[in-house]
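Student: Okay, structure incoming, though there's no sequence with it:
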């Protein structure tokens, strides 16, 4: 399971300890407990503004609820053709919204191209009832290709969205990796964003995501949609305790910096091998490699796990590093690969 | 938070330990891990037959997914007017099914009345497109009034359902309490049932429910519905580890027997007090009491927590005991009440 | 087919003539034609205020779209247990709203009882996410029992709705019959109503209903919901032409007065017969009769058509008169029944 | 309104006469009348096999109901990026199916490209829950570009669908034009198709479409879905009477042959003009022309109506002919254009 995904990993010990520590006494259910309240305050502090927070146990649930909160059933959401919301959530956004349409915009590197985005939006005329009405843009930060939007790039997308009166959702399943990669602050990263899926599960939690709204107008329907989606855990403290530990002592950032560094180490090691080349620059914790077939099959035969991604701009093998990847694993893997070159 | 609900409680230490023990190494995500597999096998053993299992983190999610698996968007589900699926899930079954209709059948004690159920079903003529078509019956075992169906009573409901060609869902959010109360085996309890929401969260788990199908034909759509509802946790081992510990060493039954016994103790103590009477027989871990207003407010002033249930056959205060209720708590509470009598 | 329903009738010749007259030349599609525009103006004149109008070809579509326009997916709509939206539309409101819940309020005569309505609404606490949130009340005017709300009775319902911040939908599939029965003006009849399903199909049209919004805020989503429900006929002039003729020369009111008068005549004739009694007062064009079984079967054997309504407050046979019922039909029918008494 | 669309036209006089002729006496509602029955038989005869027929008043409703009948809420439907179901129905298929996903396949001429279709289907692995499961292919015959699949081309698509176990929907809003263009029989045209939207409204009817199932297994849910979508007109005879006249004396084919011939005449006339060229071959009743801007604006200034289609493979002006286009109109238009060349 070496590099299959960051979702095959265990949780940080700190996360488990926090869950165990939360297991004391009776407390109010459904998120009305002190831990959940502290996490809401922690996220407000992190983003340095008032936020409205709803907890989820999967990224798919967070994304779908986020989109359903800001897009009506007849709305259109613009995202890349590779967006997780578009290709890996079994049409959860369509289900949660009651049939809204995701319009997939071609992408060269996982990021939305401003020109292509504009062209796609232009096909929807406000008030023209024959097409779903343009309502939102969803950006994945980092993208499914591992690339990260710079602030300038985000600004371009935000400006386009605002120009057309659209709202902005950020799929931050790996938000920490993007923050770590860019050096931007969390506050800066969400400038112009209306709702963020703030991921924990892929970066050290067991199952904990926070859906963060930066404008209370956007979440007025959310508490009901959250409940009726079956997302309102009665013992919510066990979700929020994970996030409290995740935010404490910068655990989330330490994990992300580490995972990103391991990806760099892996990429550098592999790129030196004959016949191997990077299919995309390594900006976060994902490495896309074009490998000789003999090397790929040899590595798999030796027990390594990684996936072939056939529908990306450059089809390649994907390797994902995580908080629990270590230098020795990486170096041994590169050595093994080298022996197969 | 003394008697507000069984969902205000912490988890059993064994549950937390199991979660901690599961936190080792990388494993396949999305329920393809060994622990999840063992829980599937454990439930097959418990029910002594092949089962198809899907995990959930809330009872609402489990119920809604169960109903959506067996009822089309134009179907009708018969349940009591007090059923949790009908009154406490914010129309999650309607959402998951795409708009199916819950037909609420009047009830005197939380159980479906065979006569009333038959009358309700008879209003739907098969193939008559003007009404939702009758597809399923949902029973809560135990009911929201704390009452339990005997095997004979379940047989009556099952026979009616089968007579009209309907499927059967059992909301077993407190399934353990029903098994403990009746002495029936788990196998016997689900005779004739097509899909069971097997609850863990209210009886010692953090957040863990299993949706158990007893006929694979009924769950052929379920894996996709499960994923697109955002219920497919990537690190599912942390849900299934709870259930593994829950089933091990009969923890689930020990918890339930204890909770039921505490309810008996509470009821007996209270019933002896002047002006107090039981609004319903105590069969599981819920006690419904008619109290003098002075006593009720005095108890609340002293910090006790319990809810007024106004829309039950006999409006009353509800007290819920749990695995962590102890004799001392109960006795002190009764003593306090006595001092207010 | 004598008295089965008012939907078994042909259309007025004037309606057909109007359709034929509309069949000239090319015109803008989708309701952007002059006839549709004139109908919008005609309805504004009829109700003496600005209205927003959307056309439908069935009453079910109009009702469902009307409710979906004013109620979110997590909303609750209060209506009687006998309401057409509740029992005869195969859960179309649930489908169009994305799973909102119809809360059925017991009724003695088809009208909402203010006390029962209040009790039902009181069970929903604003912001309490476990139950669908109260959003709207739907009244059928006339009711499915043929009864009509007086202005005072409507005021009581409107006041309750306003008190709780709820919107009001009126199912006026037989709106004309109610106006004719009460002598109220159309303006008066809709005082306090947010959206009206203004029926034509049962009262002389082929298939034409108008969904009339009295506050443009309530219909801001409607054009899109209308289109995606497949309700936006390209050649809308053929729907609106029916409604133009329906409103012209008071055809709609003449039809309704006639149908109501025929119901009175039928009721008076039948009530004189031995063993026959009225199950409910006759206020519009529906007559509910308790008949000796021999008479009922004799009438059916002779070719008469009418339905048994088993789930109304007083189970009875229902007879519906229409614009094309005539005195001779009624008198012959009564004579035939008399011979079977 | 000269060439804006075939939906701006009036109905054939024969259609209006048939509607008037149907306006006699009371008949059973909801399609249980003799005319509707005869149309069902007429369609069975036309297609030379048993069919299950459901009536609609719009093409959007027919398409959405057809897809919802054969695709579950988690299913994927493959169609071209230009398909009417994908771009002009405001996500009605998504609404009717409860959130299924339309996967748009790039197209060069409006037809599905077998290679691109295969590539798109291959991205869905059966049973892989992270993507909507492949369930159906939808072909528009003729396509939105006016092109027609030959039998060989349809066979290729049918073979691919069958290879992957997918069902086939044909959007036949202009089915008659395709039959007329190819000389294929209606039977041959639907070989391998599971459900056809058989259009009438664009080709001489007022508002009448028939959804035709060629395998009763595929329509077992349809009657309920049809009712709850508000599509079940009580006075259905007025829809089916249109279709009866449409099928009688080959009216539908005469209309289509005429419309196609007028398109040819228009194309030939225009293609001779300086600066004008065909953007696509003219196979049915749609002509796509690249015009000098001065000519386009001059024609519009003179009152001509036609649309700019910017997102087709070759952006161009679209001209649609219909049953009521005549040679004089075409010749005068070409002459006018010539004067602007």
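Tutor: Nice, thanks for sending it over. Because the structure is a prediction, the values reported are computed rather than measured.
Student: Apart from its neighbours in sequence, what residue is nearest residue A:143?
Tutor: In this structure, residue A:143 finds its nearest non-sequential neighbour in residue A:110, 2.9 Å apart by Cβ to Cβ, 6 or more residues apart in numbering or on different chains. (C-beta placed from N, C-alpha, C; glycine too.)
Student: and the one you found, that's in a helix?
Tutor: No: read with DSSP: H, G, I helix; E, B strand; the rest coil, residue A:110 is coil and lies in no helix.
Student: For it, give its distance to chain C.
Tutor: To chain C, residue A:110 is 31 Å away according to Cβ to the nearest Cβ, to the nearest Å.
Student: residues contacting that residue?
Tutor: The contact partners of residue A:110, taken as Cβ atoms under 8 Å, 6 or more residues apart in numbering or on different chains, are A:80, A:82, A:140, A:142-147, A:280, A:312.
Student: repeat for residue A:317
Tutor: Per Cβ under 8 Å, 6+ apart, neighbours of residue A:317: A:288-291, A:296, A:306-309.
Student: What is the most widely separated pair among those residues?
Tutor: Spatially, the most separated pair among the contacts of residue A:317 is A:290 and A:307, at 13.9 Å (Cβ to Cβ).
Student: The longest helix anywhere in chain A - what's its average pLDDT?
Tutor: Longest helix in chain A by number of residues (criterion: DSSP state H): helix A:251-271. On average, the pLDDT along helix A:251-271 is 98.
Student: and what of stretch A:139-150?
Tutor: Computed over stretch A:139-150, the average pLDDT equals 98.
Student: and what of stretch A:320-330?
Tutor: Here stretch A:320-330 scores 97 as its mean pLDDT.
Student: Then stretch A:29-46?
Tutor: 98.
Student: hmm, back to that, could you tell me which of the contacts of residue A:317 count as buried?
Tutor: Among those, those buried by neighbour count (16 or more other Cβ atoms under 10 Å in any protein chain shown) are A:288-289, A:291, A:296, A:306, A:309.
Student: just to revisit the earlier point, now the contacts of residue A:317 as JSON lines including secondary structure and pLDDT?
Tutor: Formatted as JSON lines, the contacts of residue A:317 follow (DSSP: H, G, I helix; E, B strand; the rest coil; pLDDT from 0 to 100):
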{"residue": "A:288", "secondary structure": "strand", "pLDDT": "97"}
{"residue": "A:289", "secondary structure": "strand", "pLDDT": "97"}
{"residue": "A:290", "secondary structure": "strand", "pLDDT": "97"}
{"residue": "A:291", "secondary structure": "coil", "pLDDT": "96"}
{"residue": "A:296", "secondary structure": "helix", "pLDDT": "96"}
{"residue": "A:306", "secondary structure": "coil", "pLDDT": "95"}
{"residue": "A:307", "secondary structure": "strand", "pLDDT": "94"}
{"residue": "A:308", "secondary structure": "strand", "pLDDT": "95"}
{"residue": "A:309", "secondary structure": "strand", "pLDDT": "93"}
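Student: wait, which of the residues you listed is closest to residue A:87?
Tutor: Of the contacts of residue A:317, the one sitting nearest to residue A:87 (Cβ to Cβ) turns out to be residue A:309, at 10.8 Å.
Student: Quick check: bridge partners of the closest one?
Tutor: Taking DSSP bridges, one finds residue A:316 as the beta-bridge partners of residue A:309.
Student: ok, now which ones touch residue A:116?
Tutor: A:105-107.
Student: So it versus residue A:107, what's the distance?
Tutor: 7 Å (Cβ to Cβ, to the nearest Å).
Student: So is stretch A:50-70 next to chain D?
Tutor: No: Stretch A:50-70 lies out of reach of chain D by Cβ under 8 Å from any Cβ of the partner chain, never closer than 8.9 Å.
Student: Just confirm yes or no for that stretch near chain B.
Tutor: Yes: applying Cβ under 8 Å from any Cβ, one finds stretch A:50-70 in contact with chain B at A:56-62, A:64-65.
Student: Mind putting these into a markdown table with pLDDT and neighbour count?
Tutor: Converted to a markdown table, the residues of stretch A:50-70 next to chain B look like this (pLDDT from 0 to 100; neighbours: other Cβ atoms under 10 Å in any protein chain shown):
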| residue | pLDDT | neighbour count |
| --- | --- | --- |
| A:56 | 98 | 30 |
| A:57 | 98 | 33 |
| A:58 | 98 | 27 |
| A:59 | 98 | 30 |
| A:60 | 98 | 29 |
| A:61 | 98 | 30 |
| A:62 | 98 | 30 |
| A:64 | 98 | 30 |
| A:65 | 98 | 26 |
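Student: What is the nearest of those to residue A:15?
Tutor: Here the nearest of these to residue A:15, counting by Cβ to Cβ, is residue A:57; it sits at 13.6 Å.
Student: What about the closest residue to that closest one other than its chain neighbours, how many residues nearby?
Tutor: Nearest residue to residue A:57, sequence neighbours excluded (Cβ to Cβ, 6+ apart): residue A:207, at 4.4 Å. A count of neighbours around residue A:207, defined by other Cβ atoms under 10 Å in any protein chain shown, yields 24.
Student: Filter the residues of stretch A:50-70 next to chain B down to the ones in strands?
Tutor: Among the residues of stretch A:50-70 next to chain B, the members found in strands (DSSP state E) are residue A:56.
Student: Could you work out the most separated pair of the residues of stretch A:50-70 next to chain B?
Tutor: A:57 and A:64 (12.6 Å).
Student: In contact with residue A:207: list those residues for me.
Tutor: Residue A:207 touches A:57-58, A:201, A:239, A:242, B:57, B:233-235, B:238-239, counting by Cβ under 8 Å, 6+ apart.
Student: Go again with 6 Å.
Tutor: A:57, A:201, B:233, B:235 (Cβ atoms under 6 Å, 6 or more residues apart in numbering or on different chains).
Student: Counting neighbours, which of these comes out on top?
Tutor: Going by other Cβ under 10 Å, residue A:57 tops the contacts of residue A:207 with 33 neighbours.
Student: list the contacts for that residue?
Tutor: Contacts for residue A:57 (Cβ under 6 Å, 6+ apart) come out as A:207, B:57, B:233.
Student: Chain B: which of the contacts of residue A:110 is nearest?
Tutor: Nearest to chain B among those: residue A:144, at 15.1 Å, using Cβ to the nearest Cβ.
Student: Now name the helix or strand holding residue A:300.
Tutor: Using DSSP states H and E, residue A:300 falls within helix A:293-301.
Student: Remind me what that helix packs against, helices and strands.
Tutor: For helix A:293-301, the packing partners by 3 or more Cβ pairs under 6 Å, 6 or more residues apart in numbering or on different chains; DSSP states H and E come out as helix A:327-340.
Student: Give the burial count for the closest residue to residue A:298 other than its chain neighbours, as a bare number.
Tutor: Closest residue in space to residue A:298, ignoring its immediate chain neighbours: residue A:340 at 3.9 Å, by Cβ to Cβ, 6+ apart. Residues near residue A:340, counting by other Cβ under 10 Å, number 17.
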